[in-house]
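**Q** Below: sequence and its predicted model.
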Amino acid sequence: MSESHKEKLFTRYQIFIIAVLAFIQFTVILDFIIIAPLGAMLMNIMNVTPAQFGSIVSAYAFSAGISGFLAAGFADKFDRKKFLLFFYAGFIVGTFLCGIATNFFFLLVARIITGIFGGVIASVSLAIVTDLFELNVRSRVMGFVQMSFAVAQVAGIPLGIYLANVLGWHAPFFLIVSIGIPAGIIMMKLLRPIDMHLSVERPADHNAFNHLRKTISQPIYIKAFATTALLSLGGFLMMPFSSAFLVNNILIPQENLPLVFMFTGMATIVILPIVGRISDTFGKFRVFTIGTIVASIMIVYYTNLSVTPLWQVVLINVVLFAGIMSRMIPATTMMTAIPELADRGAFMSISSSLQQISGGIASVFAGTIIIQTSTGALKNYDILGYTCVALMFVGVGMMYSINKFVEGKNKTSVS
């Protein structure tokens, strides 16, 4: 793509928006996924069982889900900039509380507070992307915004684990606070109001409750919500015990964990923009289906690994994440095309809520399935893998229906 075409594709301010949303997402994602790499350390230091650790992970997810649902009725009543700033400020406070936690119960409460605020941020960000970018370039935007996940893999998690190994497990949370505060200030100063949805004419009896009721009663929205919940349920199953599996089953030393995440993330940074461009060019559902096949093969292989050299683990993770991202980006883009302008904030909040709640259910389920032996090795991780693959293929069928609706809606709007 030529430089002049790039300039026509996105304005300078739109590039700034992408960068801001990507960085905010980076801090939120890092806060959420840093728990998993710290899993082996936390289970030893706090002497918690796999089921209790699953509750720490799910506490964030459930509180985020409830918060997102409650916020849905108000999501389209305010300037999206102010809405985002409010919840980001609360997220920073919650993360700070995680950093000063001294025991299992304190950390559990801190994760709940963080989830209440952090769980809404992704939905507001998606609503902003949908408001400011056309569908034909939205996968590329999502590719760049979702790159925050890869950057968290490359820089955030390795640095977080290093700080945890040197300064204690609290350090990664202080890192997030220290970079989150300046990001919030920049957003407050430079982000313009995002309030075009406020100009949409609404019924006389419109209020938060009626808005929520209307959003959750539309058949196509219900279908989209069910699909989102299913995709999230499969996506979260393996995550909480991923680092413990690497350390205790594959025998990757704790100090080498940053390398696994760093190299996987570096590859993902390259893969994400490519996936976004391919999705916009060759079809979002087609890319989603191919990604499902690749991810499923790698999940079955990965969850049945025994002792494996580090370089092979990195290679397997790279291919696995390529498949996962090839599902995530087109699926998210298709979902953004479903709601009308007046419903976008509520739709995204409910979707985010269902993602978080489904993730919490998946974490609790994983905690009940996983058994830790006296040697520290995890049993039944392969069962989680097979369950994840089954859910993925059910998701393909559900996304097919979503894709048909989006295609029909686009044809109608063009005509």
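**A** Structure's in. What do you need? Just so it is clear, the structure is predicted and the values come from calculations on it, not from any experiment. Numbering: from 1, shown residues only.

**Q** Flag the shaky bits of the stretch 101-250 of the chain, pLDDT-wise.
**A** Along the stretch 101-250 of the chain, segments meeting pLDDT under 70 span 150, 153-154, 157, 199-208, 211.

**Q** can you give me the strands in it?
**A** Read by DSSP state E, counting those that start in this stretch, the stretch 101-250 of the chain holds no strands at all.

**Q** from memory Met325 sits against Val294, does it?
**A** No. Look at Met325 against Val294 with Cβ atoms under 8 Å: they stay out of range, at 10.1 Å. Where you see a C-beta, it was placed from the backbone N, CA and C, and this is true even at glycine.

**Q** more crowded one of those two?
**A** Higher neighbour count among Met325 and Val294: Met325, with 24 against 17, using other Cβ atoms under 10 Å.

**Q** any chance you could read off phi and psi for the more buried one?
**A** The phi and psi values for Met325, taken as degrees, to the nearest 10, are phi -70, psi -30.

**Q** residues in contact with it?
**A** Contacts for Met325 (Cβ atoms under 8 Å, 6 or more residues apart in numbering) come out as 146, 149, 268, 271-272, 275, 291.

**Q** Repeat the analysis, applying 6 Å as the threshold.
**A** Met325 makes contacts with 271-272, 275, as judged by Cβ atoms under 6 Å, 6 or more residues apart in numbering.

**Q** How about Gln254?
**A** Contact analysis of Gln254 by Cβ under 6 Å, 6+ apart lists Val247.

**Q** where does it land on pLDDT?
**A** The per-residue pLDDT reported for Gln254 equals 76.

**Q** so how far is Met262 from it?
**A** 15 Å (Cβ to Cβ, to the nearest Å).

**Q** same check, this time on Asn44
**A** Note on Asn44: its distance to Met262, by Cβ to Cβ, is 23 Å.

**Q** After the helix or strand containing Gln52, which helix or strand is next?
**A** Using DSSP states H and E, the element containing Gln52 is helix 50-72. Note on helix 50-72: by DSSP H and E, the next helix or strand toward the C-terminus is helix 80-99.

**Q** Sort out which one of the contacts of Met325 lies nearest Gly376 for me.
**A** Ile271 (32.5 Å; Cβ to Cβ).

**Q** So that closest one is in contact with Ala322, correct?
**A** Yes. If you go by Cβ atoms under 6 Å, Ile271 and Ala322 touch, sitting 5.1 Å apart.

**Q** helices or strands up against the top helix by length along the chain?
**A** Among all segments of the chain classified by DSSP state H, the helix with the greatest residue count is helix 381-414. With contacts defined as 3 or more Cβ pairs under 6 Å, 6 or more residues apart in numbering; DSSP states H and E, helix 381-414 has these neighbours: helix 219-236, helix 284-303, helix 310-336.

**Q** Looking at these, which is nearest to Ile128?
**A** Among the helices and strands packed on helix 381-414, helix 310-336 comes nearest to Ile128, with 10.5 Å by Cβ to Cβ.

**Q** buried residues in the closest one?
**A** 310, 313-314, 316-336 (16 or more other Cβ atoms under 10 Å).

**Q** quick one: average pLDDT of the host helix or strand of Gln14?
**A** Using DSSP H and E, Gln14 maps to helix 12-33. The pLDDT scores in helix 12-33 average 87.

**Q** what's that helix packed up against?
**A** Identification of packing neighbours for helix 12-33 by 3+ Cβ pairs under 6 Å, 6+ apart yields helix 104-132, helix 135-145, helix 147-151, helix 171-190.

**Q** So which of the contacts of Met325 wins on neighbours?
**A** Using other Cβ under 10 Å as the neighbour test, the contacts of Met325 are led by Leu272, with 27 neighbours.

**Q** Pretty sure that one sits against Met147.
**A** Yes. Under the criterion of Cβ under 6 Å, Leu272 makes contact with Met147 at 4.8 Å.

**Q** For Lys214, see how far away Asp76 is.
**A** Between Asp76 and Lys214 the computed distance is 11 Å (Cβ to Cβ).

**Q** Could you check which of the two is surrounded by more residues?
**A** Asp76 (27 against 16).

**Q** so what's that one up against?
**A** Residues near Asp76 by Cβ under 6 Å, 6+ apart: 197, 345-346.

**Q** let's see 8 Å
**A** Applying Cβ under 8 Å, 6+ apart to Asp76 gives the contacts 197-198, 211, 342-346.

**Q** Who wins on neighbours among those?
**A** Greatest neighbour count in these, by other Cβ under 10 Å, goes to Gly345: 31 neighbours.

**Q** related to what we said a few turns ago, what do Asp76 and Lys214 both touch?
**A** Counting by Cβ under 8 Å, 6+ apart, the shared contacts of Asp76 and Lys214 are Asp343.

**Q** picking up where we left off before, chain center to the longest helix of the chain: distance?
**A** 17 Å (Cα atoms, centre = their mean, to the nearest Å).

**Q** Report the mean confidence score over that helix.
**A** For helix 381-414, the mean per-residue pLDDT is 86.

**Q** show me what contacts the residue nearest in space to the middle of the chain?
**A** The chain has Ile29 as the residue nearest its centroid, 6.3 Å off, counting by Cα atoms, centre = their mean. In this structure, Ile29 makes contact with 148-149, 152, judged by Cβ under 8 Å, 6+ apart.
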